[in-house]
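K.L.:
Generate a structure from the sequence data that follows.
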Amino acid sequence: MTGASGGIGRAVARRLAARGDTVALLARGEEGLEGAAEDVRKAGGTALPIEVDVADHQAVEAAADRVEKELGPIGLWVNNAFSSVFAPFMEIEMPEFVRTTEVTYLGYVYGTRAALSRMRTRDRGVIVQVGSALAYRGIPLQSAYCGAKHAVQGFTESLRVELLHDKSNVHVTMVQMPAVNTPQFGWVLSRLPKKAQPVAPIYQPEIAARAVEYAADHPKRREYWVGGSTALTLAANAVAPGILDRYLAKTGFKGQQTDEPRPADQPANLWKPADGPRGQDEGAHGDFDDQAKTRSLQLWASQHHGFLAAVGGGLLAAGAAWAYGRR
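P.N.:
This next block holds a predicted model:
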């Protein structure tokens with residue numbers, strides 16, 4: 001599990017541990033890693049915390065080697081680590097843009113390669129890419145992050161086709177997330193005048209964790225959408241992207257900021273973790289518990305599409321029979 005020290009990664013680690021999994025936790029933050037490892041143990045799983053920067057491909061390979069030596073063959077690899085910058089494009093320095101891309105896109109590439117090189121020899125395994133609605137739809141103030149998520153989407157599609165061509169029993173799937181109540185909004189590098197916030201509606205990370213667990217157990221489906229907002233956004237972008245451009249131009253700046261000024265001393269985890277010897281463990285949740293949803297009907301529907309299709313077909317057949325009988 002990369003990005004395991006906080007947010008979605010932390011919630012996924014807890015959920016996998018609760019079913020008895022052995023979980024290798026990969027992240028940079030010392031305090032967050034220790035907290036995540038303790039969570040895994042309390043939930044009944046076995047934890048192996050490893051400090052690693054996913055932007056360093058040699059470090060990722062070394063981490064995968066250590067996991068296999070200490071825990072055994074890797075059966076599931078979840079790519080989740082990311083970083084970002086909240087700012088208009090022209091206010092992002094180029095080294096910051098490069099760093100975001102290295103972590104949020106190339107980190108997935110390095111993780112996928114480390115997992116696949118080991119899984120392919122055994123002809124089994126699952127890779128889950130934690131994505132976003134922003135893998136399809138760019139929004140203002142997050143150009144570096146949106147670009148990286150678009151890249152992950154294209155990379156994953158290409159890899160999926162290659163695995164299908166090879167008739168491989170290694171599967172890769174992607175889970176497109178909505179806005180989630182994670183600590184990122186308080187530690188991502190920001191140049192906004194106000195505090196950054198998720199675009200409503202906001203969902204709790206436990207919903208995201210349920211989706212990742214389901215995808216890991218049902219990886220033959222190419223991707224999953226979490227939250228009604230994700231489904232609506234992707235549908236609207238497919239049908240009327242120009243209208244969505246104009247809507248986001250009017251609402252996207254204010255909608256990503258609270259009414260409170262951004263603290264001058266807000267930490268930024270782009271170059272180094274926001275937690276550490278002088279930091280603190282932030283856990284899975286951010287500052288928006290009072291606004292975040294704990295359920296997603298759309299996620300349930302996404303996981304039961306076969307059942308819903310059968311019910312819909314049955315209703316159509318019943319309706320047709322009723323109509324025929326009235327003739």
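K.L.:
Nearest residue to V109 in space, please, no chain neighbours.
P.N.:
F155 (6.3 Å; Cβ to Cβ, 6 or more residues apart in numbering). Where C-beta positions appear, they are placed from N, C-alpha and C, glycine not excepted.
K.L.:
Strands along the protein, start to end?
P.N.:
Using DSSP state E, the strands found in the chain span residues 22-27, 46-51, 76-79, 85-86, 125-130, 170-176, 179-180, 189-190, 194-196, 202-203, 223-225, 257-261.
K.L.:
ranges for the helices of the stretch 201-327 of the chain?
P.N.:
Remark: helices assigned in the stretch 201-327 of the chain by DSSP state H, counting those that start in this stretch are 205-217, 228-239, 241-251, 297-303, 305-325.
K.L.:
any idea of the mean pLDDT in the first one?
P.N.:
Model confidence over helix 205-217, given as mean pLDDT, is 98.
K.L.:
Give me the contact list for it.
P.N.:
7-8, 10-12, 14-16, 19, 76, 78, 126, 128, 130, 173-175, 177, 180-182, 221, 224, 226-227, 284-285, 293-296, 299, 302-303 (Cβ atoms under 8 Å, 6 or more residues apart in numbering).
K.L.:
can you give me the angle it makes with strand 170-176?
P.N.:
Helix 205-217 runs at 160 degrees relative to strand 170-176, counting by axes from the mean of the first three to the mean of the last three Cα atoms, to 10 degrees.
K.L.:
Can you get me the start-to-end distance on stretch 20-33?
P.N.:
The first and final residues of stretch 20-33 sit 19 Å from each other (Cα to Cα, to the nearest Å).
K.L.:
I'd like the distance between E96 and T251.
P.N.:
E96 sits 25 Å away from T251, taking Cβ to Cβ, to the nearest Å as the criterion.
K.L.:
Give me the more crowded residue out of those two.
P.N.:
Higher neighbour count among E96 and T251: E96, with 20 against 13, using other Cβ atoms under 10 Å.
K.L.:
Contact partners for that one?
P.N.:
85, 144, 189, 270 are the contacts of E96 under Cβ under 8 Å, 6+ apart.
K.L.:
same thing but 7 Å
P.N.:
Applying Cβ atoms under 7 Å, 6 or more residues apart in numbering, we find E96 in contact with 85, 189, 270.
K.L.:
between those, which is closest to R28?
P.N.:
Of all these, the one sitting nearest R28 is L270; the distance, using Cβ to Cβ, is 11.0 Å.
K.L.:
pLDDT score for the closest residue in space to the closest one that isn't next to it in sequence?
P.N.:
Excluding the flanking residues, the one nearest L270 by Cβ to Cβ, 6+ apart is L189, at 4.5 Å. According to the prediction, L189 has pLDDT 97.
K.L.:
Quick check: which ranges of the stretch 201-327 of the chain have low pLDDT?
P.N.:
By pLDDT under 70, the weakly predicted segments of the stretch 201-327 of the chain are 276-280, 298-327.
K.L.:
picking that back up, now flag whichever of the contacts of E96 is closest to I50.
P.N.:
Nearest to I50 among the contacts of E96 is L270, at 20.8 Å by Cβ to Cβ.
K.L.:
which outside residues touch the longest helix anywhere in the chain?
P.N.:
Determined from DSSP state H, the single longest helix within the chain is helix 143-165. The contact list for helix 143-165 (Cβ under 7 Å, 6+ apart) reads 84-85, 89, 92, 97, 100-101, 104-105, 108-109, 112, 129, 131-132, 134-136, 138-139, 170, 172, 174, 222.
K.L.:
Any idea how far it is from the middle of the chain?
P.N.:
Taking Cα atoms, centre = their mean, to the nearest Å, the mean C-alpha location of helix 143-165 is offset from the chain mean by 13 Å.
K.L.:
just stretch 226-234 next, same as before
P.N.:
Put simply, stretch 226-234 sits 14 Å off its chain's centre (Cα atoms, centre = their mean).
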